[in-house]
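Visitor: Sequence first, then the predicted structure:
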Amino acid sequence: MSRAPQNRIDATFARLKREQKKAFITYIMAGDTSLERTKEQVLLLERCGVDIVELGVPFSDPVADGPTIQRAAERALASGTALRHVLSLVKELRTVTQIPIVLMTYYNIIFKYGEQQFVADALEAGVDGVILPDLPPDEASAFISYAKTGGKGKKLATIFLVAPTSTEDRVKKIVSASSGFVYYVSMTGITGTALHVDESFARHVQSVRERSRKPVAVGFGVSSAQDARMMREVADGVIVGSALVRTFHERPDAAEAFIRELREAI
Amino acid sequence: MQKNRAGSIGSIMPRLIRHAILHQTAVVCFVSHYIICLLCYNKLLKPTHHWGGILIITLPDKKGYFGQYGGRFAPETLMPALHELEQAYAVARKDKIFRAEIAHLNSTFIGRPTALYYAKRLTEEVGGAKIYLKREDLAHTGAHKINNALGQCLLAGRMGKKRVIAETGAGQHGVATATGAALLGLQCEVYMGSVDVRRQALNVVRMRMLGANVIEVPLGSQTLKDAINEALRDWTANVRTTHYVLGTVFGPHPFPMIVRDFQSVIGNEARTQIVAAEGRLPDCLVACVGGGSNAMGLFNAFLDDAIEMVGVEAGGDGIATGKHAARFAAGGSVGILQGCKTYVMQDENGNVLETHSVSAGLDYASVGPQHAFLHDSGRVNYTWATDSEALEAFGLLARTEGIIPALESAHAVAEAVRRARVLSKDKIILLNLSGRGDKDVQQVAQIQGMPL
């Protein structure tokens, strides 16, 4: 009965809160060399104690991403990966794991697929949420309403991003549009840039957290256990993307140790 | 009374919006019994209430939409900067000092108004309609791009930003931005795809001489699209200190509006000039369309007139080969790219396709949202010229008129010639000669096997 909670993301954050832990969230690019490999990576991440997995769906023009994820997207596109393949992969994964899975891609991929169709298919496959860095809440009202109502009682979490440049009005708007969690972008820049936060960072994250009861996870530029330790102090979750994508690609044998080290820190 | 009035406005809004969509703008006069558009004198409605007033509807709307196209699809980090730009522009456009500054630089620095030239020998050679050239190639730095670049550099100064960045395809926008930056003492970096760096080498040197740093983009198709991606990434990282001088009527709101407005000087001048020369408006306007800024600049002043307008896209090796950049004619469908909803050349999964054109400035997978809107509403016809047609027109204009056009503009020349041939001699075609061809001399020489 309680085997698969209705919303895996909320259930995960509730459990972490009870255990007084912070969420460890990882990003990998689906189809980076092959989908078979992505499947193994997700299961490895789960074994190493990752709480939520973000699966990147490759797009030809990823403007919010740095070189590491750009190249991963190129490899994934070269291996023929499209959104429908990623949805099939999630469906397959759901036979062996209940780890929360969030898709991260660009709006055109979803738009071309058809927003309503996407919400229905994603929920059916077992996707829990979606992050679209180029779809601000200002442009997302239709998508949000599909995500809330399009899945036969199930809801797809819409995770929006707060940036260090976001004004108070915008933070309010973003927090209220978000479900699952709020994605706090650690610095002005693209993914995979060396972490550089100023003194206002912790204050700003804190102000976002105070604004709602939704969990706030911090990402962009977190590349070491040391970075992760700093982030866990201010947020409800820590997101690691580029550093992991690079490790999986360049030194796959070192990936497990790296993930465990991060888990330890978070 | 108030209630009645609100109810009436509500009931005519759909009709007003339809009108504004067809005509781009509506200046509506409410007088007792009638609502009339002051631009076209069309009666829109016979209301039952007695009241008066004027309502002006313009596009884009508040959210930056031209019908269903446009909008603001940008990473959150940039959203506050886009709002800031929108506000700074709203203040500047009404500011007498700003307008005077632009007018002064237009006449003393850019060399405006640019000439409207009757191409007599070309007309005789073709043997049909009269062809007039709006000589944007004579604007300082050699293309219309300076109109927008200078305006935006001034805006950057007003926002307290000391660094500007730009993308460039043919290099003309890069040169124009570097020029504006030099004039106003701003730091300038220009992103340019590796393929374009090679084929527009002269402009790379010009930008460097003007003190700009040219950053080569070896990613993706290594052309304009990839240069825009990199410029957006740079802006995201440096948004607090940097203004992104976007070079065409593209990207997230308010860029398509701002660039159109700065370029609309082209059409405003041309309108006065053609009336002075011929005592009437032309029958047809022709302009090339990459992102679409020179075309929008020309068309904007004539949208409410019964004049045919033609946008010319890059036909590349020919539509059938698939190697082209004709977004409207073939291959394009509605999508979201680099900040706005518009036509995009993409595959069935939503990934952007590679394009091809002999001209770097037209070699682009997407097109300004207002063009998408004007395409769908049927107000502007879009066609294409192939590489070889453009090269032929390039030579024709050089030999008959002593004007070497930019390869981009040569596409418009090709279409104007095609049309002039079948029109009678009392018809007038006004063609926007958006830039000069010095930058293309090396490339054309190579293609035609001339020794350098």
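Guide: Sure thing, it's come through.
Visitor: Could you list every helix and strand in contact with the strand of greatest length in chain B?
Guide: When chain B is parsed with DSSP state E, its longest strand is strand B:308-316. Judged by 3 or more CB pairs under 8 Å, 6 or more residues apart in numbering or on different chains; DSSP states H and E, strand B:308-316 is in contact with strand B:284-288, helix B:369-377, strand B:381-386, helix B:387-401, helix B:407-422. For the C-beta atoms, the positions are set from N, CA and C on the backbone; glycine is no exception.
Visitor: Pull the residues that contact the second one.
Guide: Put plainly, it is helix B:369-377. If you take CB atoms under 8 Å, 6 or more residues apart in numbering or on different chains as the criterion, helix B:369-377 is touched by B:21-22, B:59-60, B:65-71, B:249-250, B:256, B:260, B:289, B:292, B:295-296, B:299, B:309, B:311, B:328, B:334, B:340-343, B:380, B:382.
Visitor: Among those, the buried ones, what's the PyMOL command?
Guide: This is the PyMOL syntax for the buried subset of these, where burial follows 16 or more other CB atoms under 10 Å in any protein chain shown:
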select buried, chain B and resi 21+59+60+65+66+67+69+70+71+249+250+256+260+289+292+295+296+299+309+311+328+334+340+341+342+343+380+382
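Visitor: so of the contacts of helix B:369-377, which ones are in strands?
Guide: Reading strands off the contacts of helix B:369-377 with DSSP E, I get B:65, B:66, B:69, B:70, B:309, B:311, B:334, B:340, B:341, B:342, B:343, B:382.
Visitor: Buried residues, the longest strand of chain B. List them.
Guide: Of the residues in strand B:308-316, those buried (16+ other CB under 10 Å) are B:309, B:310, B:311, B:312, B:313, B:314, B:315, B:316.
Visitor: I'd like the residues you listed written out as a markdown table, with pLDDT added.
Guide: As requested, those are exported to a markdown table (pLDDT from 0 to 100):
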| residue | pLDDT |
| --- | --- |
| B:309 | 97 |
| B:310 | 98 |
| B:311 | 98 |
| B:312 | 98 |
| B:313 | 98 |
| B:314 | 98 |
| B:315 | 97 |
| B:316 | 97 |
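Visitor: between the residues you listed, which is closest to residue A:230?
Guide: residue B:314 (50.0 Å; CB to CB).
Visitor: I'd say that closest one and residue B:325 touch.
Guide: Yes - under the criterion of CB atoms under 8 Å, residue B:314 makes contact with residue B:325 at 4.1 Å.
Visitor: which residues are common contacts for the two?
Guide: Common contact partners of residue B:314 and residue B:325 (CB under 8 Å, 6+ apart): B:290, B:355, B:356, B:357, B:362, B:363.
Visitor: Just name the closest of these to residue A:113, please.
Guide: Nearest member of those to residue A:113, counting by CB to CB, is residue B:355, at 22.8 Å.
Visitor: Tell me the confidence at residue 225?
Guide: No chain specified, so I'll use chain A. You'll see residue A:225 listed with a pLDDT of 95.
Visitor: Sorry, I should have been clearer: chain B.
Guide: As predicted, residue B:225 sits at a pLDDT of 93.
Visitor: who's in contact with it?
Guide: With CB under 8 Å, 6+ apart, residue B:225 has these contacts: A:61, B:193, B:337, B:338, B:352, B:355, B:364, B:365, B:366.
Visitor: With neighbour count as new columns, can those be given to me in CSV?
Guide: As requested, the contacts of residue B:225 are arranged in CSV below (neighbours: other CB atoms under 10 Å in any protein chain shown):
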residue, neighbour count
A:61, 25
B:193, 29
B:337, 31
B:338, 26
B:352, 21
B:355, 25
B:364, 28
B:365, 25
B:366, 32
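Visitor: which pair in these spans the largest distance?
Guide: B:193 and B:337, at 15.7 Å, using CB to CB across the contacts of residue B:225.
Visitor: where exactly do the helices run in the stretch 51-200 of chain B?
Guide: Using DSSP state H, counting those that start in this stretch, the helices found in the stretch 51-200 of chain B span residues B:79-94, B:96-105, B:120-126, B:145-158, B:172-184, B:194-199.
Visitor: Could you do the stretch 51-200 of chain A as well?
Guide: A:67-78, A:83-93, A:107-113, A:115-125, A:141-149, A:168-177, A:200-211.
Visitor: As TSV, the ones you listed with mean pLDDT and mean neighbour count would be great.
Guide: TSV is the format used below for those (pLDDT from 0 to 100; neighbours: other CB atoms under 10 Å in any protein chain shown):
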stretch	mean pLDDT	mean neighbour count
helix A:67-78	96	21
helix A:83-93	98	19
helix A:107-113	98	23
helix A:115-125	97	19
helix A:141-149	96	16
helix A:168-177	96	17
helix A:200-211	91	16
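Visitor: need the ones you listed in JSON lines with distance to chain B, can you?
Guide: Shown next, in JSON lines, are the helices of the stretch 51-200 of chain A (distance: least, CB to the nearest CB, whole Å):
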{"stretch": "helix A:67-78", "distance to chain B": "6"}
{"stretch": "helix A:83-93", "distance to chain B": "7"}
{"stretch": "helix A:107-113", "distance to chain B": "3"}
{"stretch": "helix A:115-125", "distance to chain B": "11"}
{"stretch": "helix A:141-149", "distance to chain B": "11"}
{"stretch": "helix A:168-177", "distance to chain B": "6"}
{"stretch": "helix A:200-211", "distance to chain B": "12"}
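Visitor: These: which one's closest to residue B:171?
Guide: Taking CB to CB, helix A:67-78 is the member of those nearest to residue B:171, at 24.3 Å.
Visitor: what about that closest one, distance to the chain center?
Guide: 17 Å (CA atoms, centre = their mean, to the nearest Å).
Visitor: same deal with stretch A:26-37?
Guide: On CA atoms, centre = their mean, the centre of stretch A:26-37 falls 14 Å from the chain's centre.
Visitor: Stretch B:403-412 too?
Guide: Distance, centroid of stretch B:403-412 to centroid of chain: 15 Å (CA atoms, centre = their mean).
Visitor: Put the alpha carbons of that stretch into CSV.
Guide: The C-alpha trace of stretch B:403-412 is given here as CSV (Å, rounded to 0.1, in the frame of the first residue of the first chain):
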residue,chain,number,x,y,z
ILE,B,403,28.2,49.4,-55.7
ILE,B,404,29.6,46.3,-54.2
PRO,B,405,26.9,45.0,-51.9
ALA,B,406,27.3,42.8,-48.8
LEU,B,407,26.4,39.2,-49.7
GLU,B,408,23.5,39.4,-47.3
SER,B,409,22.1,42.5,-49.2
ALA,B,410,22.8,40.7,-52.5
HIS,B,411,20.0,38.3,-51.7
ALA,B,412,17.6,41.2,-51.6
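Visitor: mean confidence score for that stretch?
Guide: Average pLDDT, stretch B:403-412: 98.
Visitor: Now tabulate the shared contacts of residue B:314 and residue B:325 in CSV and tack on distance to residue A:198 and secondary structure.
Guide: Below are these laid out as CSV (distance: CB to CB, whole Å; DSSP: H, G, I helix; E, B strand; the rest coil):
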residue, distance to residue A:198, secondary structure
B:290, 40, coil
B:355, 41, coil
B:356, 45, coil
B:357, 44, coil
B:362, 43, coil
B:363, 40, coil
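Visitor: ok, so of those, who is nearest chain A?
Guide: Closest approach between those and chain A, by CB to the nearest CB: residue B:355, at 12.2 Å.
Visitor: Quick check: that closest one touching residue B:361?
Guide: No - assessed by CB under 8 Å, residue B:355 is found out of contact with residue B:361, at 11.9 Å.
Visitor: Can you report how many residues lie near residue A:19?
Guide: Here the number of neighbours of residue A:19 (other CB atoms under 10 Å in any protein chain shown) works out to 8.
Visitor: What distance do you get for it to residue A:261?
Guide: Residue A:19 sits 20 Å away from residue A:261, going by CB to CB, to the nearest Å.
Visitor: ok, now residue B:420?
Guide: 72 Å.
Visitor: who has more neighbours, these two?
Guide: residue B:420 (26 against 15).
Visitor: pretty sure that one contacts residue B:131?
Guide: Yes - Residue B:420 is within contact range of residue B:131, at 5.5 Å (criterion: CB under 8 Å).
Visitor: any residues in contact with both of the two?
Guide: By CB under 8 Å, 6+ apart, the residues touching both residue B:420 and residue B:131 are B:123, B:429.
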